[in-house]
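Colleague: sequence plus predicted model, see below.
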Amino acid sequence: MFIKNTDVALFRYMVITNAINPALTKSQRGVVVRDLAARLHRHPSGSNVTISRHTIDRWIRAYRTGGFEALLPDPHARMPTTPQELLDLGVALKKEEPARTGTQVARLIVAQEGNGPSARTLQRHFARLGLVGARGARAVFGRFEAAAPNDRWTGDGLHGPIVAGTKTVLVAYLDDHSRLVAGRRWAPTEDTLAACRALRRGVQARGVPKSVYLDNGSAFSSKPLMRACAVLGIRLVHSRPGKPEGRGKIERFFRTVRDQFLVEVPHGEINSLEALNDRFDAWIESVYHHNVHSETGATPLERFSAAGPQDVVDQSRLRDAFLWSETRMVTKVATVSLWSNTYEVDPSLVGRRVELVFDPFDLTDIDVRLDDRSIGVAIPHVIRTHVHPTVKEPTSEDVEPTRIDYLGLVANRHEDKHKAVTGELKYFGLVETKEPNQIPGQLEIADINESEAL
């Protein structure tokens, strides 16, 4: 089974993501690492593996020194694994006689199979499955509320109305400290593309969060999203199935969206997905961010801005973080295929498996990589598909106008306020000309074209 080095690096990053939190003390980090060493982890090969504390500490040191690239494995080295069938045999022996120790089970396996995992490996496996005295779960996430803006974002999806005959889903990232909506996007489905686009818009506008807290849905567990977080240095934390602690704030925000925004959608002239996003952006920036929050006693914008301006991420780094990749075999005529498209590559790559790295909005510009090194571009030969299959073009449909369009009024007031502020600044020569839909107090995200913003 072929496993890409980037997949192994992402696996290592996901293992250590809780342990690299700079807010943890030395003793807290030790608790986290010991807990990680006692768990089973799903390796890219598909098997469940245990990882020693020494190895986890080594990965943490490597990430601190060289970032995500330092987690790429030696191409000549292989990570040792414990065969799943031997672990299953150990579990059966333990359940058959609970008094058996890990050492005794290890002896029985060796006697039966000729070889087997160590007693320590079995003991960790039994502890993970609750077959020994439980030590009890240790909560290590920290405070109920993040101490500062961008310490922690919580992301989730909300199913919305049907617009132009298409279902819609809101993917949003909420800043835990201020309750400011950092990134958001209405999309046809709650998928990887929507999760990445909303996160990118948030990072572009509000800076890079230290961590994001997500559920275990496929949209928030995808390789493109994990890769983006790893490249940007964002600690990705997934809630445990059935244990949604810490998600109350975004659920409360979604209730506000239902009560104040979605209730008005049927009364507005919203006939496309982009119109829905425009109205929602206007409502967020003109209404929600300026209303005093009942728990914090301040508006989300005031509380977020109190810490001062956030660091702006480098644009080239931002773009690289949100690139996607696929692996393909180079044919005998030095071509590769990708979603009905054919590309020419260097003839020296014939018979080799290469990684194609691309922007999902532009399949004409593809970087070819071998062993995680760029070796040129793929030259388009036959192009039938210009965007990734998950990129769905929204359709338009006329909606019968009504008497009162609350969201339209909000949008108009938002635009008028922006024009007034921008006009005054231009009069004094303080700003250059900007597009009319630029949001005050926010970096220029409204005008990023689809090929540049996920």
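Modeller: Thanks, I have it.

Colleague: same question for the one helix or strand D281 maps to, mean pLDDT?
Modeller: For D281, the element it lies in under DSSP states H and E is helix 273-286. On average, the pLDDT along helix 273-286 is 94.

Colleague: how about the helices in the stretch 101-250 of the chain?
Modeller: Counting by DSSP state H, counting those that start in this stretch, the stretch 101-250 of the chain has these helices, from start to end: 102-113, 119-128, 192-206, 223-232, 248-256.

Colleague: nearest to S272 among the ones you listed would be which one?
Modeller: With Cβ to Cβ, the closest approach to S272 among these belongs to helix 192-206: 16.2 Å. Quick note: C-beta positions are derived from backbone N, CA and C, even for glycine.

Colleague: convert the C-alpha atoms of that closest one to PDB, please.
Modeller: Included here for helix 192-206 are C-alpha records, laid out as PDB according to Å, rounded to 0.1, in the frame of the first residue of the first chain:
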ATOM      1  CA  THR A 192     -14.400  20.100   2.700                       C
ATOM      2  CA  LEU A 193     -14.600  23.000   0.200                       C
ATOM      3  CA  ALA A 194     -17.000  25.000   2.400                       C
ATOM      4  CA  ALA A 195     -15.000  24.300   5.600                       C
ATOM      5  CA  CYS A 196     -11.800  25.500   3.900                       C
ATOM      6  CA  ARG A 197     -13.300  28.600   2.200                       C
ATOM      7  CA  ALA A 198     -14.800  29.800   5.500                       C
ATOM      8  CA  LEU A 199     -11.600  29.200   7.400                       C
ATOM      9  CA  ARG A 200      -9.500  31.000   4.700                       C
ATOM     10  CA  ARG A 201     -11.800  34.000   4.800                       C
ATOM     11  CA  GLY A 202     -11.500  34.100   8.600                       C
ATOM     12  CA  VAL A 203      -7.700  33.900   8.500                       C
ATOM     13  CA  GLN A 204      -7.600  36.500   5.800                       C
ATOM     14  CA  ALA A 205      -9.800  38.900   7.700                       C
ATOM     15  CA  ARG A 206      -8.900  38.300  11.400                       C
END
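
Colleague: which strands and helices lie in contact with whichever strand or helix holds L318?
Modeller: Secondary structure assignment for L318, by DSSP H and E: helix 315-321. Using 3 or more Cβ pairs under 8 Å, 6 or more residues apart in numbering; DSSP states H and E as the contact criterion, the secondary-structure elements in contact with helix 315-321 are helix 192-206, helix 223-232.

Colleague: need the CA coordinates for the following helix or strand past it. PDB is fine.
Modeller: Heading C-terminal from helix 315-321, the first helix or strand you meet, by DSSP H and E, is strand 324-329. Once side chains and other backbone atoms are set aside, the C-alpha atoms of strand 324-329 remain, and they are given as PDB (Å, rounded to 0.1, in the frame of the first residue of the first chain):
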ATOM      1  CA  TRP A 324      -5.200  20.500  -2.500                       C
ATOM      2  CA  SER A 325      -3.300  17.400  -3.800                       C
ATOM      3  CA  GLU A 326      -3.900  14.100  -5.500                       C
ATOM      4  CA  THR A 327      -1.500  11.300  -6.300                       C
ATOM      5  CA  ARG A 328      -1.300   9.900  -9.900                       C
ATOM      6  CA  MET A 329       0.900   7.400 -11.800                       C
END
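
Colleague: can you give the contact residues for strand 324-329?
Modeller: Residues from elsewhere that reach strand 324-329 (Cβ atoms under 8 Å, 6 or more residues apart in numbering): 2, 4, 6, 224, 227, 336-338, 351-360, 369, 388.

Colleague: if we can go back for a sec, could the helices of the stretch 101-250 of the chain be laid out in a markdown table, adding distance to Q84, mean neighbour count and mean pLDDT?
Modeller: Conversion of those to a markdown table gives the following (distance: least, Cβ to Cβ, whole Å; neighbours: other Cβ atoms under 10 Å; pLDDT from 0 to 100):
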| stretch | distance to Q84 | mean neighbour count | mean pLDDT |
| --- | --- | --- | --- |
| helix 102-113 | 13 | 16 | 83 |
| helix 119-128 | 10 | 20 | 82 |
| helix 192-206 | 28 | 25 | 94 |
| helix 223-232 | 22 | 22 | 92 |
| helix 248-256 | 36 | 16 | 92 |
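
Colleague: closest to L87 out of the ones you listed?
Modeller: Closest of the helices of the stretch 101-250 of the chain to L87 is helix 119-128, at 5.6 Å (criterion: Cβ to Cβ).

Colleague: coming back round to it: pull out the buried members of the contacts of strand 324-329.
Modeller: Buried subset of the contacts of strand 324-329 (neighbour count, 16 or more other Cβ atoms under 10 Å): 4, 6, 224, 227, 336, 338, 354-360, 369, 388.
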